[in-house]
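>>> Have a look; sequence and predicted model below, questions after that.
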Amino acid sequence: MEVSKPVAPVKPNRMELLFIYACPFCHNEIPLISPPRPTLIGCTSCQRKFPIIPVDQRSVHYVKIMLENGMAAIDPDYM
């Protein structure tokens, strides 16, 4: 029988911003990670395609800087 040591909690390496787009046909919510350019996406529910508006990459970069790419968002009780 192999005995393993407890694993310490792991902190995040980095972060991404997730944006939710609602399908205009069936209203299914589709998550995308910071889409940088306009494109067509396919709904995972009704399979129809529709265009999306991209997010401002400067805003995404700002949030990542403010949260030190996720490090500043760590619960201080675990540090």
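On my side now, so go ahead.
>>> Tell me, how many residues neighbour residue 78?
8 (other C-beta atoms under 10 Å). The way it works is simple: take the backbone N, C-alpha and C, and place the C-beta from them, glycine included.
>>> what's the nearest residue to it if we skip its chain neighbours?
Take residue 78 and drop its neighbours on the chain: the residue closest to it by C-beta to C-beta, 6 or more residues apart in numbering is residue 9, 5.7 Å away.
>>> before we move on, what about residue 42?
residue 49 (5.0 Å).
>>> The one you found against residue 41, yeah?
Yes. Between residue 49 and residue 41 there is a contact under C-beta atoms under 8 Å: 6.7 Å.
>>> Which one's more surrounded, the two?
Just comparing residue 49 and residue 41: by other C-beta under 10 Å the higher neighbour count belongs to residue 41, 15 against 12.
>>> Need phi/psi at the residue nearest to the spatial centre of the chain.
Closest to where the C-alpha atoms of the chain average out (C-alpha atoms, centre = their mean) is residue 18, at 3.0 Å. With angles defined as degrees, to the nearest 10, residue 18 sits at phi -100, psi 130.
>>> How about the contacts made by it?
With contacts defined as C-beta atoms under 8 Å, 6 or more residues apart in numbering, the neighbours of residue 18 are 31-34.
>>> let's see 7 Å
Applying C-beta atoms under 7 Å, 6 or more residues apart in numbering to residue 18 gives the contacts 31, 33.
>>> circling back: doesn't the residue nearest to residue 78 lie inside a helix?
No. The assignment for residue 9, made by DSSP: H, G, I helix; E, B strand; the rest coil, is coil rather than a helix.
>>> Helices along this structure, start to end?
Secondary structure of the chain (DSSP state H): helices at 57-66.
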